[in-house]
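Enquirer: Here is my input, please return the structure:
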Amino acid sequence: MTMAVKFITKNFGRYDIRSLASYMKIGGLTALKKAIQMPGDDIAALLTAAGIKGRGGAAYPMGKKWLQARDIKAAEKVIICNADEGEPCTFKDRTLIQNDPFNLLEGMIIAGYVIEAQHGYIYLREEYSYLKSILLNAIEQLTEKNFLGKNILGKKGFDYELHLCSGAGAYVCGEGTALVESIEGKSGRPRMKPPYIKQCGLYNHPTCVQNVESLSLVAAIVNDENNIYQKYGTKGEKNSIGTKLISVAGNVKQPGVFEIPFGITIRDIIYGLAGGVEGQPIRLIQFGGASGKVASKDILDTPYSYEHLAMAGVGVGSGAILVVDESTSVIDFLITTQAFFSHESCGQCAPCREGNRHIRLLLQKIKDGVHTQADIEKLNSIADIMTVSSLCGLGQAAQNALKTAMKVFPDEFKIMEEGVKIG
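Expert: Numbers count the residues shown, from 1 in each chain. Prediction:
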């Protein structure tokens with residue numbers, strides 16, 4: 001099976017990313033010109049036929065999301081490109097912006113046409129501030145040539161502008177409502193729901209939020225008349241059609257971003273694309289970033305697809321794969337993960353604010369070998385409470401690694417009656 005492919009990454013290295021003319025020479029903006037001659041419903045149907053799920057982690061069907069946004073009637077609607085990418089071990093969106101910015105913006109313009117939005121916002125994380133000039137330059141050139149602005153390409157009534165906003169470095173702003181709050185100049189804290197942002201989002205306008213990778217697929221799908229994309233992926237699994245950008249890091253020889261067809265094995269990814277493991281054997285693998293679930297090396301021969309990973313107890317998430325070797329203990333790994341969430345919690349809701357703090361203290365007791373059975377029960381209880389009662393996805397998913405580690409590596413949590421660790 002082919003281990004790496006070029007569909008969404010086909011433009012990498014083929015044009016000058018600071019030149020619109022260079023992008024157009026390789027076929028750039030042909031998708032936009034084609035799209036504005038099509039009904040918006042037909043474009044959404046193309047995304048549905050390709051089986052594209054949102055690439056930010058939630059995996060919501062993209063065509064369905066666009067139709068829902070299109071059906072909402074309002075004087076003004078907004079699209080937000082979520083380029084916050086705060087999930088540790090996730091850096092695929094950065095790679096797309098660095099190598100193919102015009103393609104991302106073309107996808108945003110097509111989204112504006114389908115959803116009938118008037119404004120699009122790119123929310124760029126603070127750590128990516130060095131990418132601002134690339135995006136601002138692209139927006140300026142597209143505006144000069146009437147690919148943005150009033151009556152785009154002569155299409156009467158198709159008025160659409162793009163804006164670039166920067167975050168202040170908060171992980172929680174990757175959550176849709178916190179992102180909206182941040183753009184509005186407020187503290188990046190999640191809103192209570194309902195209302196959902198698709199009805200009342202940025203500046204109280206209906207808002208559709210999409211990930212960088214999701215939007216970067218749009219132009220290629222519109223131009224894919226031979227259904228090349230649908231020929232990739234796992235056969236007979238409707239949720240795993242096509243390709244996926246993944247970012248692999250940790251104790252591997254060649255960390256990086258790779259475009260893979262769904263269906264290749266985890267072993268192919270780690271030992272093929274990423275060059276294998278440095279030094280010691282694998283202890284654990286985490287999927288989908290810090291909020292993702294963990295597995296042992298027994299998962300290596302599992303195909304990378306939504307269905308197979310779910311059956312193995314993990315998930316695709318943001319597309320991150322973190323490889324941890326035996327030089328790091330399971331408990332040390334969890335303490336590091338917990339420190340991240342304790343730092344990044346906005347503190348707005350008690351389950352997340354207090355839960356993260358208490359779990360950090362309990363994990364330290366396990367590391368010191370002084371925990372009791374009551375501590376283990378408390379760990380489970382707090383993790384469950386956080387999952388069901390936290391206000392946003394940060395608190396709801398913060399304990400995924402802990403909960404799966406307790407199942408996969410039970411010996412790490414064993415105790416004797418007097419509280420001495422034996423695992």
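Enquirer: C-alpha from now on. contacts and neighbour counts both.
Expert: Will do.
Enquirer: So for Gly419, what's the pLDDT?
Expert: Looking at Gly419, its pLDDT reads 46.
Enquirer: List the contacts of stretch 207-218.
Expert: 8, 47, 52-56, 62, 65-66, 69, 77-83, 92-93, 96, 103-105, 107-108, 110-111, 176, 197-201, 245 (CA atoms under 8 Å, 6 or more residues apart in numbering).
Enquirer: Just the CA atoms of it, as CSV, please.
Expert: This file holds the C-alpha atoms of stretch 207-218, laid out as CSV (Å, rounded to 0.1, in the frame of the first residue of the first chain):
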residue,chain,number,x,y,z
THR,A,207,-20.9,31.8,12.3
CYS,A,208,-19.4,28.7,10.7
VAL,A,209,-16.0,27.6,12.1
GLN,A,210,-13.7,25.4,10.1
ASN,A,211,-10.2,24.1,10.5
VAL,A,212,-7.3,25.0,8.2
GLU,A,213,-7.0,21.5,6.8
SER,A,214,-10.7,21.3,6.2
LEU,A,215,-10.7,24.5,4.2
SER,A,216,-7.5,23.5,2.4
LEU,A,217,-9.4,20.5,0.9
VAL,A,218,-12.1,22.5,-0.7
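Enquirer: Off-centre distance for that stretch?
Expert: How far stretch 207-218 lies from its chain's middle: 10 Å, per CA atoms, centre = their mean, to the nearest Å.
Enquirer: Also stretch 226-241?
Expert: Using CA atoms, centre = their mean, the offset of stretch 226-241 from its chain centre is 20 Å.
Enquirer: any idea of the mean pLDDT in it?
Expert: 85.
Enquirer: With stretch 76-83 instead?
Expert: Regarding stretch 76-83, the rounded mean pLDDT is 98.
Enquirer: returning to what we had before: buried only: go through the contacts of stretch 207-218 for me.
Expert: 8, 47, 52-56, 62, 65-66, 69, 77-83, 92-93, 96, 103-105, 107-108, 110-111, 176, 197-199, 201, 245 (16 or more other CA atoms under 10 Å).
Enquirer: Which of these fall within strands?
Expert: 78-83, 245 (DSSP state E).
Enquirer: Return the member of those nearest to Phe333.
Expert: Leu245 (24.9 Å; CA to CA).
Enquirer: tell me the contacts of the residue lying closest to the closest one once chain neighbours are set aside?
Expert: Leaving aside its chain neighbours, Leu245 sits nearest to Glu259 (4.4 Å; criterion: CA to CA, 6 or more residues apart in numbering). The neighbourhood of Glu259, defined by CA under 8 Å, 6+ apart, consists of 4-9, 243-246.
Enquirer: could you redo the residues you listed as CSV and give each row distance to Gly167?
Expert: Output for those, formatted as CSV (distance: CA to CA, whole Å):
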residue, distance to Gly167
Ala4, 33
Val5, 32
Lys6, 31
Phe7, 30
Ile8, 26
Thr9, 26
Thr243, 29
Lys244, 26
Leu245, 24
Ile246, 24
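Enquirer: Could you give me the PyMOL syntax to select whichever of the residues you listed are buried?
Expert: Per 16+ other CA under 10 Å, the buried members of these correspond to this PyMOL selection:
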select buried, resi 4+5+7+8+9+243+244+245+246
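Enquirer: Pick the one among the contacts of Glu259 closest to His119.
Expert: Of these, the one sitting nearest to His119 (CA to CA) turns out to be Ile8, at 24.6 Å.
Enquirer: List the residues that contact that closest one.
Expert: Applying CA under 8 Å, 6+ apart, the residues near Ile8 are 216-217, 220, 259.
Enquirer: Keep only those of those that are in strands.
Expert: Judged by DSSP E, the contacts of Ile8 include Glu259 as members of strands.
Enquirer: Just flag the most distant two among the contacts of Ile8.
Expert: Top of the distance list for those (CA to CA): Ala220 and Glu259, 14.2 Å.
Enquirer: I'd like to know how far the residue nearest to Arg55 when sequence neighbours are not counted sits from Gly201.
Expert: Leaving aside its sequence neighbours, Arg55 sits nearest to Ser214 (CA to CA, 6+ apart; 5.4 Å). Using CA to CA, to the nearest Å, Ser214 is found at 20 Å from Gly201.
Enquirer: What is the end-to-end distance of stretch 246-264?
Expert: End-to-end distance (CA to CA), stretch 246-264: 12 Å.
Enquirer: try stretch 317-336
Expert: Stretch 317-336 has its terminal residues 20 Å apart, counting by CA to CA.
Enquirer: in that stretch, what counts as buried?
Expert: 317-325, 330-331, 334-335.
Enquirer: who's in contact with that stretch?
Expert: Contacting residues not belonging to stretch 317-336 are listed as 55-59, 87, 89-90, 244-252, 277, 280-289, 292, 360, 363-364, 366-367, 401-402, 405, 409, 412 [CA under 8 Å, 6+ apart].
Enquirer: average model confidence for it?
Expert: 96.
Enquirer: Off-centre distance for it?
Expert: 18 Å.
Enquirer: how many neighbours does Ala31 have?
Expert: Neighbourhood size, Ala31 [other CA atoms under 10 Å]: 20.
Enquirer: Repeat that for the one 3 residues further on.
Expert: As a burial measure, the neighbour count of Lys34 was computed by other CA under 10 Å and equals 13.
Enquirer: by contact count, what packs against the helix or strand hosting it?
Expert: According to DSSP states H and E, Lys34 maps onto helix 30-35. On a contact count with 3 or more CA pairs under 8 Å, 6 or more residues apart in numbering; DSSP states H and E, helix 30-35 meets helix 101-115, helix 218-222.
Enquirer: Could you dump those into a markdown table and include mean pLDDT?
Expert: Below are the helices and strands packed on helix 30-35 laid out as a markdown table (pLDDT from 0 to 100):
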| stretch | mean pLDDT |
| --- | --- |
| helix 101-115 | 98 |
| helix 218-222 | 97 |
